[in-house]
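> got a predicted model here, sequence first, then my questions.
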Amino acid sequence: MNEIALRTQSLTKRYGPRVLALDGLTLDVPAGEVFGFLGPNGAGKSTTIRLLLGLARPSAGQAWIFGDEVADVGRAHRHLAYVPADVALWPQLTGAETLELLARTGPGIDLTYRDELVERFELDVSKPCRAYSTGNRQKVALVAAFATRASLLVFDEPTSGLDPLMEREFRRAVDEARDRGQTVFLSSHLLTEVEAVCDRVGILRAGRLVEVATVADLRRMHRAEVTVTYTGAPPDLDAVPGVETVDTAPGRLRFALTGAPGPALRALAACQVVTIAVREPTLEEIFLDYYGEPVR
């Protein structure tokens with residue numbers, strides 16, 4: 001049985017009598033997993049991270065990092081490294097001095113790998129931090145986190161200031177962290193990023209966890225789009241389980257398919273199929289489905 005890196009039990013946060021920011025979050029993230037945490041602004045993602053880091057106290061419930069209660073901040077933080085969406089650094093220190101300071105205060109560092117990451121992220125560590133752009137401040141924090149030996153990496157919108165090339169390096173570094181056995185908890189609004197690197201995703205809506213599944217399982221739970229061209233008589237798809245919204249034209253049809261494809265394929269076998277194409281939903285389409293918004 002896998003060790004649990006991050007666990008929450010009925011974790012709840014209220015701000016005053018009217019605002020329920022997080023409502024009974026119960027979640028297990030096994031060690032070595034890359035877990036994506038999705039939700040629009042105001043869904044409770046940042047509140048969750050603040051609770052996990054001990055930066056806020058829960059109104060109810062508990063959380064643990066590798067078995068240590070988050071309430072014991074000193075013990076819990078021995079296991080993790082954190083990169084926020086908006087990185088603030090010491091303005092008078094250079095990038096190199098900042099990385100050295102962070103290495104001395106963390107749970108250990110791989111210096112060779114850190115130097116490699118500095119090159120890959122194209123970071124000029126000789127500059128003072130006050131001269132860094134938002135993206136370069138983000139790079140300093142990411143290099144420090146990925147080079148650490150922390151068992152859990154917590155990222156809150158970590159690529160918000162990066163260009164597409166650096167986003168690719170981020171994804172590569174996440175894959176390498178997984179290969180080293182580190183756990184990654186990634187809160188992001190970039191669905192393509194989550195889809196590319198995560199083993200599982202959790203979808204948060206109005207402070208409540210509405211789904212936890214692998215990306216592949218999420219796709220299977222939602223409708224795929226099937227396009228068929230044929231000759232001769234059209235297939236009869238009436239009352240075929242899983243088939244919805246059939247759009248027909250001469251020699252061509254399109255329909256939405258939910259669940260197992262067997263019944264639809266058997267119905268199609270009765271006609272002369274020329275081509276068949278299946279397009280799985282993207283994570284963005286699934287995400288919008290949960291919020292009742294049309295996909296444009």
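Done, it's in.
> all helices for the stretch 151-296 of the chain, in order.
For the stretch 151-296 of the chain, applying DSSP state H, counting those that start in this stretch gives helices covering 164-179, 191-197, 215-221, 262-268, 283-290.
> for the stretch 1-150 of the chain, that is, sorry about that
45-52, 73-76, 95-105, 111-120, 134-147.
> which of those helices sits closest to Leu165?
Closest to Leu165 of these, according to CB to CB: helix 111-120, at 10.1 Å. The C-beta positions use only the backbone N, C-alpha and C, and glycine is treated the same way.
> avg pLDDT for the closest one?
In this model, helix 111-120 has an average pLDDT of 97.
> can I get the helices of the stretch 1-150 of the chain in CSV with distance to Val243 and mean neighbour count?
Output for those, formatted as CSV (distance: least, CB to CB, whole Å; neighbours: other CB atoms under 10 Å):
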stretch, distance to Val243, mean neighbour count
helix 45-52, 36, 23
helix 73-76, 50, 14
helix 95-105, 55, 17
helix 111-120, 48, 15
helix 134-147, 46, 23
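> so which of those helices gets nearest Leu209?
Taking CB to CB, helix 45-52 is the member of those nearest to Leu209, at 9.5 Å.
> what packs against that closest one?
With contacts taken as 3 or more CB pairs under 8 Å, 6 or more residues apart in numbering; DSSP states H and E, helix 45-52 sits against strand 4-15, strand 19-30, strand 34-38, strand 60-65, strand 152-156, strand 183-187.
> show the average pLDDT along the third one.
With pLDDT averaged residue by residue, strand 34-38 scores 94.
> care to break the protein down by domain?
For the chain, automatic domain parsing gives the domain ranges 4-218, 223-280.
> what about the first one, how long is it end to end?
Just to be clear, that refers to domain 4-218. Using CA to CA, to the nearest Å, one end of domain 4-218 lies 22 Å from the other.
> show me what contacts the residue positioned nearest the centre of the chain?
Nearest to the mean C-alpha position of the chain, by CA atoms, centre = their mean, lies Gly36 at 2.3 Å. Each residue near Gly36 by CB atoms under 8 Å, 6 or more residues apart in numbering is listed here: 186-188, 194, 197-198, 200-202.
> between which two of those residues is the distance greatest?
Greatest spatial distance among those (CB to CB): Val197 and Gly202, at 14.5 Å.
> count the neighbours of Arg57 for me.
For Arg57, the count of nearby residues is 10 (other CB atoms under 10 Å).
> that one: what's it in contact with?
So Arg57 contacts 51, 71 (CB under 8 Å, 6+ apart).
> equivalent analysis for Asp68, please.
Neighbour list for Asp68: 75-76, 78-79 [criterion: CB under 8 Å, 6+ apart].
> and of the helices of the stretch 1-150 of the chain, who's closest to Leu283?
helix 45-52 (15.7 Å).
> okay, the closest one in CSV with CA atoms only?
Output of helix 45-52 as CSV, limited to C-alpha atoms (Å, rounded to 0.1, in the frame of the first residue of the first chain):
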residue,chain,number,x,y,z
LYS,A,45,-7.9,26.3,-4.2
SER,A,46,-5.7,28.9,-2.6
THR,A,47,-7.6,28.5,0.7
THR,A,48,-6.8,24.8,0.6
ILE,A,49,-3.1,25.5,0.1
ARG,A,50,-3.0,28.1,2.9
LEU,A,51,-4.5,25.5,5.2
LEU,A,52,-2.0,22.8,4.0
